[in-house]
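**Student:** structure for this input, please:
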Amino acid sequence: MKILLIEDDAFFREFYAHKFAEKNVLVEQAANGEEGLQKITTVAPDVILLDLVMPKKDGFDVLVEMGKLGLLNKIPVLVFSTLGQPDDIERARELGAKGFVNKSFYDFEKLYARLLEISKKLDSSTL
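**Tutor:** Predicted structure coming up:
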């Protein structure tokens, strides 16, 4: 599996990249929403792990642009953010996110399991 991690915090990006590498997951990184959108087509990720609060383009903007480009049906997005208010979660889902994990309650194994679940749902729906 290859994921695109769109996260503005360099520490978190490197930490998650290392943890996913331990699970034999390839990780491409983007430091903001604008860079993430550029990398989506060149990287061709299986899943996107998306922060919401970022410079240049936030995660909501990324979801909107992906929707306009028809990419949300092809690449599932799991939002991983400290924004955890019901309105934020609902908005992300309405914009096409397949799931939402709150960074404040971090558990890597649960995050990994959720990514696997989301990627398998896409695989089975496209068969």
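
**Student:** pass me the low-pLDDT residue ranges in this structure, would you?
**Tutor:** 84, 106, 121-127 (pLDDT under 70).

**Student:** tell me the secondary structure for the residue nearest to the spatial centre of it?
**Tutor:** When C-alpha atoms, centre = their mean is applied to the chain, the residue found nearest the centroid is residue 49 (1.8 Å). Classification of residue 49 by DSSP: H, G, I helix; E, B strand; the rest coil places it in strand.

**Student:** contact partners for it?
**Tutor:** Counting by C-beta atoms under 8 Å, 6 or more residues apart in numbering, residue 49 makes contact with 3-7, 16, 78, 80, 115. C-betas here are computed from N, CA, C, even on glycine.

**Student:** how about residue 53?
**Tutor:** Residue 53 touches 8, 59, 81-83, counting by C-beta under 8 Å, 6+ apart.

**Student:** just the buried members of these?
**Tutor:** 8, 59, 81, 83 (16 or more other C-beta atoms under 10 Å).

**Student:** filter those down to the ones in strands?
**Tutor:** residue 81 (DSSP state E).

**Student:** buried residues of the longest helix seen in the chain, list them for me.
**Tutor:** Ranked by residue count, the top helix of the chain under DSSP state H comes out as helix 108-125. Going by neighbour count (16+ other C-beta under 10 Å), the buried part of helix 108-125 is 111-112, 114-115, 118-119.

**Student:** helices and strands around that helix, which ones?
**Tutor:** helix 10-22, strand 47-50, strand 77-81, strand 99-102 (3 or more C-beta pairs under 8 Å, 6 or more residues apart in numbering; DSSP states H and E).

**Student:** quick one: closest of the ones you listed to residue 36.
**Tutor:** Across those, residue 36 has its closest neighbour in strand 47-50 (7.3 Å, C-beta to C-beta).

**Student:** what pairs with that closest one, parallel or antiparallel?
**Tutor:** Looking at strand 47-50 with DSSP bridges, its partner strands are strand 2-6 (parallel), strand 77-81 (parallel).

**Student:** hey, what's the angle from the host helix or strand of residue 67 to strand 2-6? Just curious.
**Tutor:** Using DSSP states H and E, residue 67 falls within helix 59-68. Put simply, helix 59-68 runs at 130 degrees to strand 2-6, going by axes from the mean of the first three to the mean of the last three C-alpha atoms, to 10 degrees.

**Student:** thanks a lot, see you next time.
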